[in-house]
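1. Got a sequence here, can you build the structure:
(2 chains)
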Amino acid sequence: MSSERYVVMHRTRYRYAWPVTLSRQLLHLTPRKTPRQRTQAHRIDIDPPPVERESRSDYFGNAIEQLTIAQTHDTLEVFSHAIVDVGAAECPQTAVSPPWEHVRDRLRQVGTAPLLEPCQFVYTSPHVEPLMALARYARLDFHRGRPMLDATLALMRRIHRDFEFDPEATTVSTPLETLLREKRGVCQDLAHFMIGCLRSLGLPARYVSGYLLTEPPPGQPRLIGADASHAWVSVFCPGQGWLDVDPTNCVQPGKQHITLAWGRDFSDVTPMRGVILGGGEHTVDVSVTVLPEHEAGTAELLRKATQPLERE
Amino acid sequence: MSDRLLEHYPLTPGRYDEMLSAPGKLRPHWLSLFDTVARANPAQMQERLESVRRQIRENGVTYNVYADPRGVERPWELDLLPLVIPPDEWAGIEAAIAQRAELLNRILLDIYGPQHLLNEGLLPPALVFGHSGFLRPCHGIRVPGDRHLHLYAADLARSPDGRWWVLADRTQAPSGAGYSLENRLVISRVFSEQFRDMRVQHLASFFATLRDTLDQHAPEGDGPPLTVLLTPGPYNETYFEHAYLARYLGFPLVEGSDLLVRDGKVWLKNLSGLRRVHAILRRLDDDFCDPLELRADSALGVPGLLDAARRGTVLIANALGSNLLESGALLGFLPGLCERLLGEPLAMPSLATWWCGEEAALDDAISRLDNLVIKPAFPQLRIDSVFGADLDRKARAALIARMRARPHHYVAQELIQLSQTPVWDAQRTRPLAARAVGLRVFACASPDGYAVMPGGLARVASERDVRVIAMQRGGASKDTWVLTHGAVNSFSLLRRTVTASELVRAGSNLSSRIVENLFWFGRYCERCDNEARMLRAAIALHIEQDDIDDHPLSGLCRRVGLLPAEPAPASGDALRSAALDASAPGSLAADLHRLSHVAFSLRERLSLDNWRVVSRLNEESARSHARESGEILEHLDRCVRDMMTLSGFTLDGMTRDQGWRFLSIGRRIERLQFLCNMLRHALDSGPDVAPDWLLELADSAITYRSRYMTRPLWLPVLDLLICDETNPRSVAYQALGLTDYVARLNAQFGTLDGILLSDAVADLLSLRADSDLHTGSTHLADVLDRLASAAYSLSEQLGVRFFSHADSAWRNDSGDMA
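-> Residues are numbered from 1 along each chain as shown, chains lettered A, B, ... in the order given. Sure thing, here's the model as predicted:
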């Protein structure tokens, strides 16, 4: 299987108005191993350095980094650096997938040998309430008896068509009702919306957080830190497993999507989640750069450019 | 008499009666108690009622109905007559509850462990994965002693045929055991002879078992074992019970902010440093316990607590995630699970409940809606329970549509005709009345399975609604008397004697949160006093002369933030708002509100009188519509007077322990800062305006007049307010007092840096009346400035050293915790 090698640099910098005396953070910043993705190298630099640091797996099998910083600070910088190989997606047999109602009923079946793993992703989660109104929207594509994956791709296309990409329109906690009404938002909103549609029909859908390789316009140089964290959706179909779909870009993720972690929604895989003592108001500044390996020379320069800040 | 008593006591067809087996025929276990009641004359019964009320009032037993900070709390409702349960019947209940607790514990072990029950299809995945009480971060945590449940409660009801049924399980942080205990203490006193003669089982050994099991399963290390009771705080509806149980079991009552996780272990912050916590009996809901891994918006939890549980360094009772079993949807699956896990049939049935997530059950529930209650399947869903029979056509159709859209969110429960029991309702001419009753029973983990409390919290419905029993809906509670054939175990946890070696004197184990609140209580009392005096003087001045902007008093009010900065004029409106508008940040009203807030969180330590003064003042200020200067002045007078009363309480009514010392330090820091500010401002304003106003603000006019018999002159005024060590409102008096406190704290705890203060005090003491005590003295101004900043620095240091423990929390890495 041919694959592409990438260098990923993800830097998060918090600046606090008042000194922070104690900070505990949970990081979901380690690329996940998947059938089509391998991590060659990965490192997270933290400044100021933590007094405690531990790696473990979360409930969904994502790698999680847990740290405590006890040094008084007013800037916190977390710099994740990875080299990842990504293969192309396998082409799913969308037309021969089972009718979507069969999938729904199979999951509702109580009795022996339940499909436990996909069952994790059928119900309400903190950011996704499977509203009746979402089911009505989804049914425009989920006609009776339509093959599950066929309908899913149609839904993806509909959402892509109906929604306007608008970073100003939403926050992390914009409810799905608002999205349904306004139809504006960013990748995270589109992913939550599509997950809500699928779950409202009783179908399993999970939230995938990761990165996307963005190509600069022809003839222009790649911009540093211009990329962003990305999010898309994965749906489950018995016999075929999980299939990724990206409603923001209307594609089935392949070589250009790098997977970090998955969960029921954003709240399960927040890249950085923490509790601090002190701090007051803060600003956060995130920059992500994804580079194909053949531009690695540039990568070396970039790494220098994005060295951890000098202590202020 | 007995016949007359029963004359108006109604038997209800289709309802079991706890006292009568047939009209006029008493059940045997009721004979003795009924006889006592029947023979008593009205005065005797009235006396018993009075005694119940008095005890409840004196013990401060309350139940917060709307959890309103301004004290909308209701005295606990307790009926005079207990619910009586005969020995044989109790044996059945006891065995069934012990079995059920064991079963539920096993289910939790499985779901938070290997999940065989899901894999084998004995439990539908929706009941776990669709329940927001399933805490994913808790999966895989090994709980000490394999116990998720340490304290469990079940709500029981009796059907017309006399059988008991379980209506609901309480697996997270069951409330009511403490109220049961309190009910027992009260009722056993008013019926003391019957209590003894009828051989009623005592409750104490149950609580001793709970305490011992926690001790036994708790991890060890870093000093003697410590169990704390974690409460969400005084706003919680059952806060009284938390405080009561903590005292009874001998556990410190703590809030989340009292605890700290360090090195993966839990520590209690108290005055002398950090103390390792080995077990936590919690009354805080699962998802609020750790803002790092659970609800991020929880301000009540302890960041890192879940990780400490994961590392096995602390026992949390009940284990995090146990809310999962508080689900009506589970009830229907329990018989099968009991067979599978315990290999025996479920001893006490649950009231027939169907989870609508199963298609057949949904259709059936919809077809029989009139005979069912529709309830949320999971407690987190914001769905009210609905009696199908209460719905009109439209509401019914809407409910059905919602159920079809999300069947797994609903359960349908059979209606039960609750049994009835007599209550003593003194409002009625025939006081013996019948009310629907339900019983909450409790079990705790013990070395051999589960021990069941021989008793429980009986609750009766209000007169109007016989279907719903809820304290929130105006029901009342009852003591529950479980009779025994055998001997009564009279073990008691209450101390009967105290030996000389057990005498408790003021200790240093006060929690940091309490000390911090006492400190701020002192500061806010003093601040409100100062503000009231400033405003009183300013308003009086404003009555005399319309424009007071040029007077140094206005400048001082601006300097301390009471009045808005210039150019806004010190108008009548501005003064009114500074006194009464709580939304103006620096106003007196805002500080009264803060004072009341601090006092509320100190309710366990303040006397009722103290608390009443504070809450009345705050309410008066919030309600006041005073517009006239005269009315405002009256309010300010009251305020000054009340602050003096509070100060009298602290001087006269509190033991001189560390808490008192911190309260006093708070007062002194505040007063010193104020005096320095005031005098500094007077120096800045120059000698033109006579210093009368200084004497008034410092409450020293009388002293001055008695000494000097002249109009106020600068030299004697400055001497009295700055240098006179005998005047409690002088800088010297406060600064020396503060120095003394710092020395005492340092003798006990070390580490406070008092150099700034002692240097400034030395200069203060060497001020010379002839050369320094005049408004143009830059040396005097400098001394005052340094004293003010020393007071500020001290306040900051106290915060770091004693309240937040930010210094010792991490920087002390030796592992040697004081």
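
2. what bits of the chain have low per-residue confidence?
-> The chain I'm using is chain A. Scanning chain A for pLDDT under 70 picks out the ranges A:1, A:110-114, A:223-226, A:296-312.

3. The intended chain is chain B.
-> B:1-3, B:60, B:62-74, B:464-474, B:494-509, B:604, B:608, B:805-818.

4. Could you chop it up by domain?
-> B:1-350+B:418-488, B:352-414, B:515-653, B:655-806 (automatic domain parsing).

5. now the end-to-end length of the third one.
-> Domain B:515-653 has its terminal residues 17 Å apart, counting by C-alpha to C-alpha, to the nearest Å.

6. could you pull out the strands for the stretch 201-350 of chain B?
-> Along the stretch 201-350 of chain B, the stretches classed as strands by DSSP state E, counting those that start in this stretch are B:227-230, B:253-254, B:259-262, B:265-270, B:273-277, B:279-282, B:315-317.

7. Likewise for the stretch 201-312 of chain A?
-> Taking DSSP E, counting those that start in this stretch as the criterion, the stretch 201-312 of chain A carries its strands at A:205-212, A:229-237, A:241-245, A:257-263, A:272-278, A:282-292.

8. What residues sit buried inside whichever helix in chain B runs longest?
-> As assigned by DSSP state H, the longest helix anywhere in chain B is helix B:512-544. Buried residues in helix B:512-544, counted by 16 or more other C-beta atoms under 10 Å in any protein chain shown: B:512-542. Every C-beta, even on glycine, is put in place using the N, C-alpha and C of the backbone.

9. So A:Thr39 lies in a strand, does it not?
-> Yes: the assignment for A:Thr39 by DSSP: H, G, I helix; E, B strand; the rest coil puts it in a strand.

10. what number of residues lie near it?
-> Number of residues near A:Thr39 (other C-beta atoms under 10 Å in any protein chain shown) recorded here: 16.

11. what do you get for B:Pro42?
-> B:Pro42 is flanked by 9 other residues according to other C-beta under 10 Å.

12. ok, which residues in chain A are in contact with chain B?
-> Listed as neighbours of chain B in chain A under the rule C-beta under 8 Å from any C-beta of the partner chain: A:21-22, A:24, A:26, A:51-52, A:58-60, A:66, A:68, A:70, A:108, A:110-114, A:116, A:119-120, A:122-124, A:130, A:132, A:135, A:268, A:273-275, A:277.

13. I only care about these that end up buried; give me the ChimeraX line for that.
-> Selecting only the buried entries of the residues of chain A next to chain B in ChimeraX, with 16+ other C-beta under 10 Å as the criterion:
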select /A:21,22,24,26,51,52,58,59,60,66,68,70,108,110,114,119,120,122,123,124,130,135,268,273,274,275,277
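
14. Restricted to helices, list the residues of chain A next to chain B.
-> Per DSSP H, the residues of chain A next to chain B map to helices at A:108, A:116, A:119, A:132, A:135, A:268.

15. Quick check: the farthest pair among the residues you listed?
-> Pairwise distances across these (C-beta to C-beta) peak at 26.4 Å, for the pair A:Leu116 and A:Met132.

16. tell me the contacts of the residue lying closest to B:Val254 once chain neighbours are set aside?
-> Nearest residue to B:Val254, sequence neighbours excluded (C-beta to C-beta, 6 or more residues apart in numbering or on different chains): B:Val228, at 4.7 Å. If a contact means C-beta atoms under 8 Å, 6 or more residues apart in numbering or on different chains, then B:Val228 has B:251-254, B:258-259, B:268, B:277, B:279-281 as its contacts.

17. re earlier: out of the strands of the stretch 201-350 of chain B, flag the one nearest B:Leu203.
-> Closest of the strands of the stretch 201-350 of chain B to B:Leu203 is strand B:279-282, at 16.8 Å (criterion: C-beta to C-beta).

18. that older thread, which elements pack onto the longest helix of chain B?
-> Of the remaining helices and strands, those touching helix B:512-544 by 3 or more C-beta pairs under 8 Å, 6 or more residues apart in numbering or on different chains; DSSP states H and E are strand B:265-270, helix B:552-559, helix B:572-580, helix B:588-600, helix B:629-653, helix B:658-685, helix B:692-697.

19. which residues are in contact with the helix or strand harbouring B:Leu156?
-> Assigning secondary structure by DSSP states H and E places B:Leu156 in strand B:151-158. Outside strand B:151-158, the residues that touch it by C-beta under 8 Å, 6+ apart are B:16, B:18, B:93, B:97, B:100-101, B:104, B:164-171, B:173-177, B:210, B:281, B:317-318, B:348, B:351, B:416, B:418-419, B:437-445, B:450.

20. Would you mind giving the strands of the stretch 201-350 of chain B as CSV with distance to A:Val245 added?
-> CSV is the format used below for the strands of the stretch 201-350 of chain B (distance: least, C-beta to C-beta, whole Å):
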stretch, distance to A:Val245
strand B:227-230, 45
strand B:253-254, 49
strand B:259-262, 41
strand B:265-270, 44
strand B:273-277, 48
strand B:279-282, 43
strand B:315-317, 41
